[in-house]
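> give me a 3D structure for the following:
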Amino acid sequence: MVSEIGKDSVRLTNTISGEEIDLPRDGVVLVSDRTPNDELYHSLTLTLSQRGRGFVRVIGDAEAPNIIAQAVFAGHLAAREFEEKKVEGTPFKVERMVFPQSDNFKT
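Residues are numbered from 1 along each chain as shown. The predicted structure is shown next:
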């Protein structure tokens, strides 16, 4: 874990042992914000709407930064739904299970 950023070094702390080391550095890049970057999507959407044709779909980190597995799933889903009509809401039935109250189960 980065525990301190100094003028010319970074202190790293082992979260298990507590051992610390100082590493010399010229610069530090922190990757900590998970903000979507969808500027290209909005630019292309505007251009296509002005021309009156085509569409663009935003997926993956441009929609909502997440783990790589989610980006893979979003890409797979976009490929399966390519050129399909857009369905509003959930395209499948969601069933809710209701269990009767019982002395065996406490909520």
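> dump the C-alpha coordinates for stretch 48-66 into CSV.
C-alpha atoms of stretch 48-66 as CSV (Å, rounded to 0.1, in the frame of the first residue of the first chain):
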residue,chain,number,x,y,z
LEU,A,48,-24.8,10.5,-36.5
SER,A,49,-28.1,12.2,-35.5
GLN,A,50,-27.2,15.3,-37.5
ARG,A,51,-26.6,13.0,-40.6
GLY,A,52,-29.8,11.1,-39.9
ARG,A,53,-28.4,7.7,-39.9
GLY,A,54,-26.6,5.1,-37.8
PHE,A,55,-26.3,4.6,-34.0
VAL,A,56,-23.6,4.0,-31.4
ARG,A,57,-23.9,2.0,-28.3
VAL,A,58,-21.9,2.9,-25.2
ILE,A,59,-20.5,-0.1,-23.2
GLY,A,60,-17.8,-1.1,-20.8
ASP,A,61,-15.8,1.5,-19.0
ALA,A,62,-17.3,4.3,-21.1
GLU,A,63,-20.6,3.4,-19.5
ALA,A,64,-19.5,2.5,-16.0
PRO,A,65,-15.9,1.6,-15.0
ASN,A,66,-15.9,-1.9,-13.5
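> what distance separates it from the middle of the whole chain?
16 Å (CA atoms, centre = their mean, to the nearest Å).
> mind listing the strands for this protein?
In order along the chain, the chain carries the following strands (DSSP state E): 2-5, 9-13, 20-24.
> count residues in the vicinity of Glu84, would you?
8 (other CB atoms under 10 Å). C-beta here means a position set from N, CA and C on the backbone, and glycine is covered the same way.
> since that was my last question, I'll sign off now.
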